[in-house]
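[1] Provided below for reference: sequence and predicted model.
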Amino acid sequence: MSDLSKIPVTVITGFLGAGKTTLIRHLMQNPQGKRLAVLVNEFGTVGVDGDILKSCADENCPAENIVELANGCICCTVADDFIPTIEALMALPQRPDHILIETSGLALPKPLLKAFDWPAIRSRITVDGVIALADAEAVAAGRFAPDVDAVQAQREADDSIDHETPLSEVFEDQIACADIVLLSKADLAGDSGLAAARAVIEAEAPRKLPILAMEEGRIDPAVILGLGAAAEDDLDARPSHHDGHDDHEHDDFDTVVIDLPEVADAEALKGAIVRLAREQNILRVKGYVAVTGKPMRLLVQAVGERVRAQFDRPWGDAPRVSKLVVIGEHDDVDPAAIRAVLVPEAAGV
């Protein structure tokens, strides 16, 4: 790559827990001879995904090439955060061959693409492609992909219904902006679930898109890197619910960070997280937990009632501090009620 060539950027989008971090870990482990850099945009002040990726750093993607922007949507803080961060990555002593951007699960991708037209960077960087991840099992079950005809019928029957849910808009905007859609967790969906999910996305997409099944983030990097889409010059082909608006809001979602004491029973904690999803409609829980008597920290990742927990690495000299990031729609996030479920002492039991 010559110094005058544009650095390609792949934007990886997808709803909460669709598997974006797992995909990036796979790309880092299979760089195809490329020197990578990664920009992670978290929703909330506690960075989990960036920490996971830094633990996978190697000579092809060293720790200094992995940057995390937390507590702010990068497309809403372009001048203050996004542009300086991209410029810093391009100015590294060894310039990256390719940059991966993991958006927040709540992010709308199109405003981010518009940021690549900023004069400070537009001549030096290009969006190689937008990869949208969708949880195949969830899509097959009809979540976040409403039937347009049914919604229209509801509108005609009920004057109080005048827009789709915020979650459906996020999902639809991510699909509409994509160059390739990856159906993650294909093993959980099965053949019939994959077929159903594929049909939903084909009906939703504004143009014909490649739709590929994927398990555990494993896919040939050559399939999704090097697309040459120049997506920043192709915005009209990527419609959004928010076209014509200068701003977009994240007020539909709230995040609360819960500090926990050491946990004596990891299974009980997982049960409490399932309760949150079931009783309080919590969308996402992620973070690290100290378990009594265990030298390793427990990585917790939950999407709805599906909870994964694994010991990922020793605490070492780091403080054994337990924090969970809890994300839900605005009306469902009650910090006191969440703490009452996650922290037994808060419930008085």
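    Yep, that arrived.
[2] for the stretch 151-300 of the chain, what spans make up the strands?
    Assigned by DSSP state E, counting those that start in this stretch, the stretch 151-300 of the chain shows strands spanning 180-184, 211-213, 253-260, 284-289, 296-303.
[3] what about the closest residue to Arg207 other than its chain neighbours, how many neighbours?
    Of all residues not flanking Arg207 in the chain, Ala237 sits nearest, at 6.5 Å (C-beta to C-beta, 6 or more residues apart in numbering). All C-beta spots, glycine's among them, are computed from the backbone N, C-alpha and C. As a burial measure, Ala237 scores 11 neighbours (other C-beta atoms under 10 Å).
[4] try the one 4 residues further on
    A total of 18 residues lie near His241 under the criterion other C-beta under 10 Å.
[5] Nearest residue to it in space, please, no chain neighbours.
    Per C-beta to C-beta, 6+ apart, closest to His241 is Glu169, 4.6 Å.
[6] Please look at Ala309 and Met296 and confirm they touch.
    No - if you go by C-beta atoms under 8 Å, Ala309 and Met296 don't touch, sitting 11.6 Å apart.
[7] And the two? Which one has more around it.
    Just comparing Ala309 and Met296: by other C-beta under 10 Å the higher neighbour count belongs to Ala309, 17 against 14.
[8] Let me see the contact set for the closest residue to Val274 other than its chain neighbours.
    The shortest distance from Val274 to any non-neighbouring residue, by C-beta to C-beta, 6+ apart, is to Glu305 (4.9 Å). Residues in contact with Glu305 (C-beta atoms under 8 Å, 6 or more residues apart in numbering) are 274, 277-278.
[9] Please identify which of these is nearest to Pro335.
    Using C-beta to C-beta, Ala277 comes nearest to Pro335 of the contacts of Glu305, at 16.3 Å.
[10] so how far is stretch 103-115 from its chain's centroid?
    10 Å (C-alpha atoms, centre = their mean, to the nearest Å).
[11] Could you do stretch 112-126 as well?
    Worked out by C-alpha atoms, centre = their mean, stretch 112-126 lies 21 Å from the chain centre.
[12] buried residues in that stretch?
    Applying a neighbour-count criterion of 16 or more other C-beta atoms under 10 Å, one finds 112-113, 115-116, 121, 125-126 buried in stretch 112-126.
[13] Averaged pLDDT, the helix or strand hosting Met28. What do you get?
    Using DSSP states H and E, Met28 sits within helix 20-29. Averaging pLDDT along helix 20-29 gives 87.
[14] In terms of secondary structure, what does that helix contact?
    Helices and strands touching helix 20-29, as assessed by 3 or more C-beta pairs under 8 Å, 6 or more residues apart in numbering; DSSP states H and E, comprise strand 7-14, strand 36-41, helix 49-54, strand 98-102, strand 125-135, strand 180-184.
[15] and with 10 Å instead?
    In terms of contacts (3 or more C-beta pairs under 10 Å, 6 or more residues apart in numbering; DSSP states H and E), helix 20-29 is packed against strand 7-14, strand 36-41, helix 49-54, strand 98-102, strand 125-135, strand 180-184, helix 221-224.
[16] about what we covered before: please report how far the residue nearest to Val274 lies from Glu279.
    In this view, Glu305 and Glu279 are 11 Å apart by C-beta to C-beta, to the nearest Å.
[17] The most centrally placed residue in the chain: what secondary structure?
    The structure's the chain has its C-alpha centroid closest to Gly105; by C-alpha atoms, centre = their mean the separation is 3.4 Å. Classification of Gly105 by DSSP: H, G, I helix; E, B strand; the rest coil places it in coil.
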